[in-house]
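**Student:** give me a model of this one.
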Amino acid sequence: MSSKKSKICVPTDEVRYALYENSVQDAPEQARLFERFYKDAGGADPQVLREDFAGTFWISCEWVKAGDRRQAVAIDNCESPLNYGRQTHYADLTAAQQERVLILKQDVRDRIQPGVDVAAVCNFSFYGLKTRASLLEYMRSVHASLRSDGVFVLEMVGGPGFIRIPEKETRTHRHESGPKKGKKWYTYRWLHKSFDPISRNGVYSIEFRMASGERYKDAFVYDWRVWTIPEVLDCLEEAGFSNSAVYWEMDEEDDDGEVFIKTDRGLDDDDTWLSYVVAKRAK
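**Tutor:** As a prediction, this is how the structure comes out:
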């Protein structure tokens, strides 16, 4: 049987963001984790979420679904993912839920009205801030927006495997419903293009290869500084945060069904690791 030849195409925003979310995001689970981190830090019941580099702001929409008093502020400076989010996740909310989502097209370093319980940056997006000065400016903006017991959650990735060149990760995704259920939908490829060990600047990309033959090369390209956990902890302290904690992704769930385990000591360094750094606002 001959395989279908791939043709390099440019995906529409609708296709690009739908494939991205299906491949790498679990917004309901992330919203649950943010509540857990807030309570672990001594908070009671978080109501206001600030989602930075929000993209399609799926997490913000899931956040307001989880409680009638919950509010979300979604911040991103790029119009195309925000438009996709408005047409999909936001459109699926009730009118009352929509009133509790504020969408801001602006730089995450710009100040917003204070009153946030949880500020979060996912998918390592703050790696796009490539200097210590810009990272500190961002952290201070977040600090100013938080309530006195608010927390700041930063999703991080690292390890030898994340800076190895060349390197790639490939996963096949299948249709989960409908007449094509169980059949191949597309292949997701995560590619390491370059890494400079002196500056720690790296270039990464995502490619999608559809079962129908289309190849979406460089559907997403990231030019990042790969920050380390000690660097981030130092910057958080300088920006005014206290009681920072690290939640490390484990291979297996603990007795409470959690994959991310809070740790105050170094763990065996996986080839590629994933973690959350959670910092509390200093009163």
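**Student:** beta partners of the closest residue to Phe241 other than its chain neighbours?
**Tutor:** Once its chain neighbours are removed from consideration, Phe241 has its nearest residue in Ala279; the separation is 3.8 Å (CB to CB, 6 or more residues apart in numbering). C-beta here means a position set from N, CA and C on the backbone, and glycine is covered the same way. Following DSSP bridges, Ala279 is listed with bridge partners Phe152.
**Student:** quick one: Ala279 from Glu253, how far?
**Tutor:** Note on Ala279: its distance to Glu253, by CB to CB, to the nearest Å, is 25 Å.
**Student:** what about the two, which has more around it?
**Tutor:** Counted by other CB atoms under 10 Å, Ala279 and Glu253 do not tie: Ala279 has more neighbours, with 29 against 11.
**Student:** pLDDT at the more buried one, what is it?
**Tutor:** pLDDT recorded at Ala279 is 98.
**Student:** contacts only, for it.
**Tutor:** If a contact means CB atoms under 8 Å, 6 or more residues apart in numbering, then Ala279 has 151-152, 154, 236, 241-245 as its contacts.
**Student:** and if you look at Asp234?
**Tutor:** Neighbour list for Asp234: empty [criterion: CB under 8 Å, 6+ apart].
**Student:** pLDDT (mean, whole number) over stretch 64-73?
**Tutor:** 98.
**Student:** got it, and stretch 87-98?
**Tutor:** Predicted confidence along stretch 87-98 averages 98 (mean pLDDT).
**Student:** need the distance between the two termini of it.
**Tutor:** 12 Å (CA to CA, to the nearest Å).
**Student:** who does Ser275 bridge with?
**Tutor:** Beta-bridge pairing of Ser275 under DSSP bridges involves Met156, Trp248.
**Student:** correct me, but it touches Glu249?
**Tutor:** Yes: contact status for Ser275 versus Glu249: in contact at 6.3 Å, counting by CB atoms under 8 Å.
**Student:** now the strands for the chain?
**Tutor:** If DSSP state E is used as the criterion, the strands of the chain fall at 7-8, 48-52, 71-76, 101-105, 116-121, 146-158, 167-174, 184-196, 201-210, 214-225, 241-249, 260-263, 273-281.
**Student:** ok, and what's touching the shortest one?
**Tutor:** With contacts defined as CB under 8 Å, 6+ apart, strand 7-8 is touched by 213-217.
**Student:** which one among those gets closest to Gly115?
**Tutor:** Each of the contacts of strand 7-8 was checked against Gly115 using CB to CB; the closest is Tyr216, at 39.9 Å.
**Student:** on that earlier part again, tell me, what's touching Ser275 and Glu249 both at once?
**Tutor:** When contacts are counted by CB under 8 Å, 6+ apart, the set common to Ser275 and Glu249 consists of Phe260.
**Student:** higher neighbour count, these two?
**Tutor:** Ser275 (21 against 14).
**Student:** for the more buried one, which residues are in contact?
**Tutor:** Ser275 is in contact with 155-157, 229, 246-249, 260, counting by CB under 8 Å, 6+ apart.
**Student:** tell me where the stretch 1-150 of the chain has helices.
**Tutor:** With DSSP state H, counting those that start in this stretch as the definition, the stretch 1-150 of the chain shows helices at residue ranges 13-24, 27-40, 58-65, 79-85, 95-98, 132-145.
**Student:** one step back: and the contacts of Ser275, which are buried?
**Tutor:** 155-157, 229, 246-248, 260 (16 or more other CB atoms under 10 Å).
**Student:** could you work out the most separated pair of those?
**Tutor:** In terms of CB to CB, the buried ones among the contacts of Ser275 reach their longest pairwise distance at Ile229 and Phe260, which sit 13.9 Å apart.
**Student:** ok, back up a step: from the contacts of strand 7-8, which would you call buried?
**Tutor:** Buried subset of those (neighbour count, 16+ other CB under 10 Å): 214-217.
**Student:** got the domain ranges for the protein?
**Tutor:** Per automatic domain parsing, the structural domains of the chain span 7-11+160-225, 22-158+227-281.
**Student:** point out the most buried one among those.
**Tutor:** Counting by mean count of other CB atoms under 10 Å, domain 22-158+227-281 has the highest mean neighbour count of the domains of the chain, with a mean of 18.
**Student:** and that domain, how far from the chain's centre?
**Tutor:** The chain centre lies 7 Å from the centre of domain 22-158+227-281; the measure is CA atoms, centre = their mean, to the nearest Å.
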